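Asker: Have a look at this prediction, sequence included:
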Amino acid sequence: MSETELPLQDDDTEADVAQLDEDDRLKPEFVRAVLDAVYAGDAEGARALVEPLHPADIADLFELTPHEDRADLAKAITDLLDADVFAEMNDYVREDLIDALEPHEIADIAAELDTDDAVAIIEDMDVEDQREVLRALDPDDRAAIEEALSYPEESAGRLMQRELIAVPEHWSVGDTLDYLRLHEELTTDFWEIYVVDPGHKPVGTCKLSWILRTPRNIAISDVMQREQTLIPVDMDQEEVALRFQKYALISAAVVDLSGRLVGMITVDDVVHIIQQEAGEDILRLSGAGEGDINEPILLTVRTRITWLVVNLGTAILAASVVGLFQGEIGRFALLAVLMPIVSGMGGNAGTQTLAVVVRALATNQLTESNTIRMIVREFRIAAANGAMLGVLIGCGTWLIFGNPALALVIALAMIINNLVAGLAGVLVPVTLDRLDVDPAVSSAVFVTTMTDVMGFFSFLGLATLWGLGS
């Protein structure tokens, strides 16, 4: 590197500092400067500010721009909106921009992307818009995208790239190197070369480092690794991510139902899946839908109100249990003061267990072979926690209210409800999983209902048996 290049690198670094904060996020003042230039009609000024940014940062800029101003920003920096920017963009923000583009413009962007990224852009469009975009593509790109769209959503077929390097098993290392050098149309981003038989079925894989360090006359079949992880084209993307994690994969071949090589999946795609699936499971536990801050308000309201209505029904069920003991509550008002403690603590304990179990199911840590062990483990944890909390709340009740009977009742109710919470936190998601129902979606409602009902019933029932209200 020459000395004349060093000042340019320093300048670039200073520009990055002016645009990004210490956490690599766009600074508010930078975003305001870009938008001020757009509002003033200074497209050249906006472009000059945005041009040094990485495509991912340009995508972030659009996410930070108000919905109504994104089209104006896009017009100001049209030549910077390349395929890499769209590939990094939030789904809802990308839909906003795509709606403002002509089909041939979308086709130009899709043609520059890997197949999986192009599919991500096109798959959420209306059917008629999809057809127009596909008609504007060249035949090879159109065929690849149409094939990908024929696979189920969130499957390996949607996720995979068609751009890969495959060579026949009878070639030598020299043949492979010559093939890579002489064919400019081949993809340039790959880590492994797949070796196939005459039926185009993968028989092995060979890392680039092995090929580069092997003499030309050695057969590729002598260099390749025959054991490999093959991904069925219809495998769910969450299972794909688990395989990458389990076997520490960089890339993996995707095969169709006949075992033929049809694509590959790379680790950069899997990173997005892991982040997406983890976020989905957490949000589903709360019934918050996708939880994307760019999601349309009406869609968010519709998603949340569904589970809030369900929760309203379960709350009425819990309230009906309290209604069975309204006589005792009327005669001994302290019961009304203390009973939310029992149900609330049970709900918290159930949520803790539920979160652990749902995660274990999602990562394949919890299977049929260790379910009983998991149930016993959580029962022991619930018993220990319940005993400690029971003693604590019992002693506190005795000291504050001076009523040993009331203290014993709330202590026993706390233990009982914690045991119920521990068992429900395991049994509910496991049962839903066995029934092929996503446990992350429905478990929280059932577990909370069980802990509320049992919390009220155990506390008020024991109080009635003890004659506290008489």
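Answerer: Sure, I can see it. Since the model is a prediction, treat every value here as computed from it, not as a measurement. Numbering: from 1, shown residues only.
Asker: so where's the stretch 201-350 of the chain uncertain?
Answerer: When the per-residue scores of the stretch 201-350 of the chain are filtered using pLDDT under 70, the ranges that remain are 276-295, 300, 303-304, 307-308.
Asker: what about 90?
Answerer: By pLDDT under 90, the low-scoring segments of the stretch 201-350 of the chain are 237-239, 241-242, 245-251, 266-339, 343-344, 346-348, 350.
Asker: What count of nearby residues applies to the residue lying closest to Glu154 once chain neighbours are set aside?
Answerer: Closest residue in space to Glu154, ignoring its immediate chain neighbours: Gln237 at 4.7 Å, by Cβ to Cβ, 6 or more residues apart in numbering. In short, each C-beta sits where N, CA and C put it, glycine included. Counted with other Cβ atoms under 10 Å, the burial measure for Gln237 works out to 24 neighbours.
Asker: isn't Gln237 right up against Ala156?
Answerer: Yes. Contact between Gln237 and Ala156 holds when scored by Cβ atoms under 8 Å: they sit 6.8 Å apart.
Asker: could you pull out the strands for the stretch 51-200 of the chain?
Answerer: If you assign secondary structure with DSSP state E, counting those that start in this stretch, the strands in the stretch 51-200 of the chain sit at 166-168, 192-196.
Asker: pretty sure Gly455 is touching Asn417, no?
Answerer: Yes. If you go by Cβ under 8 Å, Gly455 and Asn417 touch, sitting 4.4 Å apart.
Asker: okay, and the common contacts of these two?
Answerer: In terms of Cβ atoms under 8 Å, 6 or more residues apart in numbering, Gly455 and Asn417 are both contacted by the residues Val342, Ser343, Met345, Gly346.
Asker: Most tightly packed of the strands of the stretch 51-200 of the chain?
Answerer: For these, ranked by mean neighbour count under the definition mean count of other Cβ atoms under 10 Å, the leader is strand 192-196 at a mean of 22.
Asker: if I look at Pro232, how far off is Val255?
Answerer: With the distance defined as Cβ to Cβ, to the nearest Å, Pro232 ends up 6 Å from Val255.
Asker: and these two? which has more neighbours close in?
Answerer: When Pro232 is set against Val255 and neighbours are counted by other Cβ under 10 Å, the residue ahead is Val255, at 19 against 16.
Asker: Phi, psi for that one please.
Answerer: In this entry, Val255 is assigned phi and psi values of phi -120, psi 150 (degrees, to the nearest 10).
Asker: which residues sit in contact with it?
Answerer: Under the criterion of Cβ under 8 Å, 6+ apart, the contact partners of Val255 comprise Lys201, Pro202, Leu230, Ile231, Pro232, Val233, Leu261, Val262.
Asker: As JSON lines, the shared contacts of Gly455 and Asn417 with neighbour count would be great.
Answerer: Listed next are the shared contacts of Gly455 and Asn417 as JSON lines, based on neighbours: other Cβ atoms under 10 Å:
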{"residue": "Val342", "neighbour count": "30"}
{"residue": "Ser343", "neighbour count": "24"}
{"residue": "Met345", "neighbour count": "22"}
{"residue": "Gly346", "neighbour count": "34"}
